[in-house]
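Q: Sequence and predicted structure below; questions after.
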Amino acid sequence: EAGVAQSPRYKIIEKRQSVAFWCNPISGHATLYWYQQILGQGPKLLIQFQNNGVVDDSQLPKDRFSAERLKGVDSTLKIQPAKLEDSAVYLCASSQIPPSATRQETQYFGPGTRLLVL
Amino acid sequence: SQQGEEDPQALSIQEGENATMNCSYKTSINNLQWYRQNSGRGLVHLILIRSNEREKHSGRLRVTLDTSKKSSSLLITASRAADTASYFCATVDTGRRALTFGSGTRLQVQP
């Protein structure tokens, strides 16, 4: 079974530029997550999709970050304009069904995209 | 914001020794999970323990959960050099669906 795919693996941009990341989840997984992991910290959830609908985007800086999941499969995360503090690894994860109080589901993570903003 | 704090932040041991990592969290949870992250890689799920469970085993891993103290521990027995990685605890809070990660413990196993 293929894992979660992400591209690009690395990206270097200057501040105020825009950047986009792509994620292809495991086939059949309904739930997709984007996390931001700053160096030395644990991942922080940015946005969660169930199929093509947004479940949780409470920690997404909506003035500069946007994400979409067209057709409930692939997803893109965009930053426009980028700031220095956006330098981080952006991780995509997917799970087969959304977790609930009675149903626990493992999240499968992609390798991440390492972003450096200069 | 980070939910929990792992302790210690860094741990260095010799191959064959046991490694214990602790995690504290702040809110009421549905379950707690442990993940491993090798340098430059994504996270790999290790084990999940539900809020009504106190201990769980998986191979060389042993996880305990004390909801009264809002803490968990991960024990890796007979460590190997390949266990060198960062280990994160993550909680699924009551009423939410997503994971909230701690800050991680960096484990170095010397061959």
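A: It's in. Numbering: from 1, shown residues only, chains lettered A, B, ... in the order given.

Q: any idea how far residue A:23 is from residue A:29?
A: Residue A:29 is 11 Å from residue A:23, where distance means CB to CB, to the nearest Å. Just so you know, the C-beta spots here come from the backbone N, C-alpha and C atoms, and that holds for glycine as well.

Q: Comparing these two, which shows the higher neighbour count?
A: Higher neighbour count among residue A:29 and residue A:23: residue A:23, with 26 against 18, using other CB atoms under 10 Å in any protein chain shown.

Q: My guess is the more buried one contacts residue A:73. True?
A: No. Between residue A:23 and residue A:73 there is no contact under CB atoms under 8 Å: 9.8 Å.

Q: Tell me where chain B has strands.
A: Ranges of strands in chain B, per DSSP state E, are B:5-7, B:10-14, B:19-24, B:29-37, B:43-50, B:55-58, B:61-66, B:71-76, B:85-93, B:99-101, B:105-110.

Q: nope, chain A is what I meant
A: Secondary structure of chain A, counting by DSSP E: strands at A:5-7, A:10-13, A:19-24, A:31-37, A:44-50, A:53-56, A:65-68, A:75-79, A:88-95, A:108-109, A:113-117.

Q: Any stretches of the chain with poor pLDDT?
A: If you meant another chain, say so; for now it's chain A. For chain A, the stretches with pLDDT under 70 are A:1, A:98-104.

Q: that answer is for a different chain, and I need it for chain B
A: Low-confidence segments of chain B (pLDDT under 70): B:1-4, B:95-97.

Q: Near chain A, which residues of it are found?
A: For chain B, the contact set with chain A under CB under 8 Å from any CB of the partner chain comprises B:1-2, B:30-31, B:33, B:35, B:40-45, B:48, B:50, B:88, B:90, B:92, B:94, B:96-104.

Q: If any of those residues are buried, give me the PyMOL selection for them.
A: What follows is the PyMOL syntax selecting those of those that are buried according to 16 or more other CB atoms under 10 Å in any protein chain shown:
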select buried, chain B and resi 2+30+31+33+35+42+43+45+48+88+90+92+96+97+98+99+100+101+102+103+104
